[in-house]
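**Student:** Here is a sequence with its predicted model. Questions after.
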Amino acid sequence: MKKIEAIIRPERLTQTIKGLKNIGIAGFTVSQVVGRGKQKDTQGVYRGKNYKVTLHPKVKLEIVLSDYMVERTIKEIIASAQTGEDGDGKIFIHPVLEAYNIRTGKTDFDIDDLANKES
């Protein structure tokens, strides 16, 4: 199993989720995050005062899936989230040694069957 962490623009989240559902990815976690990379600083105004924005709002998607789904999922995230501008984000891949179902306490071997279990 692998864990995909994708940091993307918030405005691309809905499109990315639709793309993931189209390829059968039903289980994922979404977090609001801030960060910086090559994207330039911007100016903001708060209560009439200018300030520099050095950390940009992003969304982090975390997806755990079987190895055979990784390449297809990466391609879909790129296709859905890419604008071609600085700040589009990054994708990181991590190995997952084990997964457990909290309800049953058993090892979760069927991580990719989430789509089949939804009604």
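**Tutor:** Now that the structure is in, tell me what you want to look at.

**Student:** When you work out contacts or count neighbours from here on, use the C-alpha atoms and nothing else.
**Tutor:** OK.

**Student:** where does residue 110 land on pLDDT?
**Tutor:** Residue 110 carries a pLDDT value of 68.

**Student:** Residue 119 now?
**Tutor:** So, for residue 119, pLDDT stands at 38.

**Student:** go on, residue 87?
**Tutor:** 88.

**Student:** What of residue 56?
**Tutor:** 88.

**Student:** didn't it look like it was pressed against residue 37?
**Tutor:** No - between residue 56 and residue 37 there is no contact under C-alpha atoms under 8 Å: 9.0 Å.

**Student:** Now stretch 11-23: buried residues?
**Tutor:** Using 16 or more other C-alpha atoms under 10 Å as the test for burial, stretch 11-23 gives 12-13, 16-17, 19-20.

**Student:** Contacts for that stretch, please.
**Tutor:** Under the contact criterion C-alpha atoms under 8 Å, 6 or more residues apart in numbering, stretch 11-23 has outside partners 26, 59, 73, 76-77, 80-81.

**Student:** related to what we said a few turns ago, just the ones of the buried residues of stretch 11-23 in helices?
**Tutor:** 13, 16-17, 19-20 (DSSP state H).

**Student:** Not counting the stretch of helix or strand residue 3 belongs to itself, show me its contacts.
**Tutor:** In this assignment (DSSP states H and E), residue 3 forms part of strand 2-8. The set of residues external to strand 2-8 that reach it, using C-alpha under 8 Å, 6+ apart, is 58-67, 70, 77, 81, 87-96.

**Student:** How far does it sit from its chain's centre?
**Tutor:** Mean-position distance between strand 2-8 and its chain equals 5 Å (C-alpha atoms, centre = their mean, to the nearest Å).
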